[in-house]
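Student: pasting the sequence and the predicted coordinates here, then a few questions.
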Amino acid sequence: MSLKKPPSMRSKKRYLIFRLHSSEPADFQDMKNAVWNSVLNWLGDNEAPNADIHIIKNLWNGKEQTGFIRCAPKYVDSVKLAIALIHQIGDQKVIFQTVRVSGTIKSGKEKAHIKEN
């Protein structure tokens, strides 16, 4: 039997919806590694775990190059800045654009006009 915390004790989350602009489609794993490296470089080893960052694989759309990153509300601006600092994945030049910040995945999809895979 798993014990869940009541809603008042759960940590809050924010979802960053981003779009990746590049000449060729990027692989999810390469994008994930680039985001993690940038976040670790920007926030450091002490603050990165507090940001509670999760790059959600099921919501990565390889065709439209859009995805969701979950983080703590306190670190939204730091994560936005960290992904904006990514200019290259492998040999490919890229630009990360933050489309929207949302409190739920559902409202993020609706307001950012993200289509299902």
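Tutor: Perfect, I can see it now.
Student: not counting its neighbours along the chain, what's nearest Leu20?
Tutor: Nearest non-adjacent residue to Leu20, counting by C-beta to C-beta, 6 or more residues apart in numbering: Gln65, 4.2 Å away. The C-beta positions use only the backbone N, C-alpha and C, and glycine is treated the same way.
Student: how much space between the one you found and Asn41?
Tutor: Gln65 is 22 Å from Asn41, where distance means C-beta to C-beta, to the nearest Å.
Student: in this structure, what secondary structure element scores lowest on mean pLDDT?
Tutor: When each helix and strand of the chain is scored by mean pLDDT, DSSP states H and E, helix 105-112 comes last, with a mean of 88.
Student: which stretches of the chain have low pLDDT?
Tutor: 1, 115-117 (pLDDT under 70).
Student: what sits against the residue sitting nearest the centre point of it?
Tutor: In the chain, the C-alpha nearest the mean C-alpha coordinate belongs to Ile69, at 2.1 Å (C-alpha atoms, centre = their mean). Contact analysis of Ile69 by C-beta atoms under 8 Å, 6 or more residues apart in numbering lists Tyr15, Leu16, Phe18, Val35, Ile53, His54, Ile55, Ile56, Val79, Ile83.
Student: got the buried residues for stretch 10-25?
Tutor: Residues of stretch 10-25 classed as buried: Arg14, Tyr15, Leu16, Ile17, Phe18, Arg19, Leu20 (neighbour count, 16 or more other C-beta atoms under 10 Å).
Student: the third one pairs with what?
Tutor: Taking DSSP bridges, one finds Ile69, Val101 as the beta-bridge partners of Leu16.
Student: and the last one, by the same measure?
Tutor: Under the criterion DSSP bridges, Leu20 forms beta bridges with Phe96.
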